[in-house]
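J.: this one's sequence-less:
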């Protein structure tokens with residue numbers, strides 16, 4: 001059986017997933033056969049060009065005509081486009097893979113998760129937290145589940161970028177609360193929250209996040225519109241989302257956590273760092289060194305840098321000989337493999353819409369804490 005895949009969106013994430021779909025049969029021979037069936041968007045001319053480059057058989061400007069006619073629907077559009085097409089696809093019995101954050105608001109994310117429950121157990125729905133599929137993160141998860149770090153005391157997640165430092169950087173949908181929901185909090189913080197939940201969220205580690213204290217900041221209140229004619233006075237639009245956020249966390253077992261995300265961190269391009277400190281050891285990971293995991297074990301005087309590229313490391317045997325590093329784009333191949341296998345077999349996939357909703361609850365609580373100026377319980 002060949003799975004026909006429909007994809008809404010053809011820019012950043014559209015390219016990443018189209019590349020992953022093309023790589024699957026080359027490196028994962030047991031993956032389901034997939035056809036890049038239809039690419040969905042609004043601009044027909046741009047769609048034609050993108051479909052040709054990305055290897056899609058056809059295009060469509062109406063997602064409603066697509067969601068019930070494909071075997072899997074990928075919703076890779078801006079945040080405000082996530083709820084309606086995803087829910088419609090699930091109501092048609094079509095498995096859905098949706099970009100993060102799951103929705104602009106907690107209310108919409110809740111409706112999406114309810115649509116998954118209504119669709120039934122044989123209709124998988126995934127939320128695109130691709131960093132769960134970094135081999136070094138998978139290895140860290142194995143160490144934690146094996147109890148190598150002992151009782152968890154501290155957990156840190158930091159995601160820093162600098163692409164908005166220039167106040168003349170143009171306005172985009174990511175700067176609008178109606179379209180994005182939030183700024184750095186949803187864009188970057190959703191990844192950090194999900195990784196912390198993935199690594200230490202089980203009851204025998206730190207458990208779920210119980211309460212948060214958050215602070216959001218906007219540094220530039222308006223930005224120029226990119227389409228302004230050269231001879232005209234530049235038009236601007238207001239920035240209605242956060243440029244940066246910080247948060248304190250308390251986990252169920254009493255562990256302390258901190259989160260930080262910024263699109264104003266000068267000199268940081270895509271710096272996603274996670275640290276976990278336990279009674280018997282510690283670990284730290286940086287996305288900018290994604291083949292490495294730093295591990296401190298009981299009795300050692302310093303961190304050991306583990307190169308997670310051996311054949312028995314997660315996913316690595318599908319790629320190159322030991323020591324030949326993987327890249328950011330490989331994480332999308334791994335998550336597409338897992339999701340499409342779930343589609344083929346009608347089984348569950350993680351991270352699920354329930355995971356996306358759990359992250360959204362934390363994001364919403366951080367916003368509420370900033371508004372109220374106090375700790376907020378989840």
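T.: Noted; the coordinates are in hand. Please read these numbers as outputs of a predicted model, since none were measured by experiment.
J.: Could I get the phi/psi values of the residue lying closest to residue 76 once chain neighbours are set aside?
T.: Of all residues not flanking residue 76 in the chain, residue 9 sits nearest, at 3.5 Å (C-beta to C-beta, 6 or more residues apart in numbering). Bear in mind the C-beta positions are built from the backbone N, C-alpha and C, glycine included. Backbone dihedrals for residue 9, given as degrees, to the nearest 10, come out at phi 110, psi 130.
J.: which ones are touching residue 55?
T.: 18, 21-22, 36 (C-beta atoms under 8 Å, 6 or more residues apart in numbering).
J.: residues near residue 156, how many?
T.: 18 (other C-beta atoms under 10 Å).
J.: likewise residue 205?
T.: Neighbours around residue 205, by other C-beta under 10 Å: 21.
J.: can you check residue 302 too?
T.: Neighbour tally, residue 302, other C-beta under 10 Å: 7.
J.: Helix, strand, or coil at the closest residue to it other than its chain neighbours?
T.: In space, and not counting its chain neighbours, residue 302 is closest to residue 296: 7.0 Å by C-beta to C-beta, 6+ apart. Assigned by DSSP: H, G, I helix; E, B strand; the rest coil, the conformation of residue 296 is strand.
J.: Double-check residue 296 against residue 280; I have them as touching.
T.: No - if you go by C-beta atoms under 8 Å, residue 296 and residue 280 don't touch, sitting 9.4 Å apart.
J.: So these two - more neighbours on which side?
T.: residue 296 (18 against 13).
J.: Pull up the gap between that one and residue 284, please.
T.: 9 Å (C-beta to C-beta, to the nearest Å).
J.: Can you tell me the SS state at the closest residue to residue 322 other than its chain neighbours?
T.: Excluding the flanking residues, the one nearest residue 322 by C-beta to C-beta, 6+ apart is residue 310, at 5.0 Å. The three-state assignment at residue 310 reads coil, by three-state DSSP.
J.: got it, and residue 19?
T.: Under three-state DSSP, residue 19 comes out as helix.
J.: For the stretch 251-378 of the chain, just list every one of the helices.
T.: 328-345, 353-372 (DSSP state H, counting those that start in this stretch).
J.: Isn't residue 315 up against residue 135?
T.: Yes - counting by C-beta under 8 Å, residue 315 sits close enough to residue 135 to count as a contact (5.4 Å).
J.: which residues do the two both contact?
T.: residue 326.
J.: Buried ones among the contacts of residue 55?
T.: Neighbour counting with 16 or more other C-beta atoms under 10 Å marks 18, 21, 36 as buried within the contacts of residue 55.
J.: Looking at those, which one is closest to residue 216?
T.: Nearest to residue 216, judged by C-beta to C-beta, of those is residue 18 at 33.9 Å.
J.: Relative to residue 88, how far out is the nearest residue to that closest one once chain neighbours are set aside?
T.: Excluding its sequence neighbours, the residue lying closest to residue 18 (C-beta to C-beta, 6+ apart) is residue 54, at 3.9 Å. According to C-beta to C-beta, residue 54 and residue 88 sit 23 Å apart.
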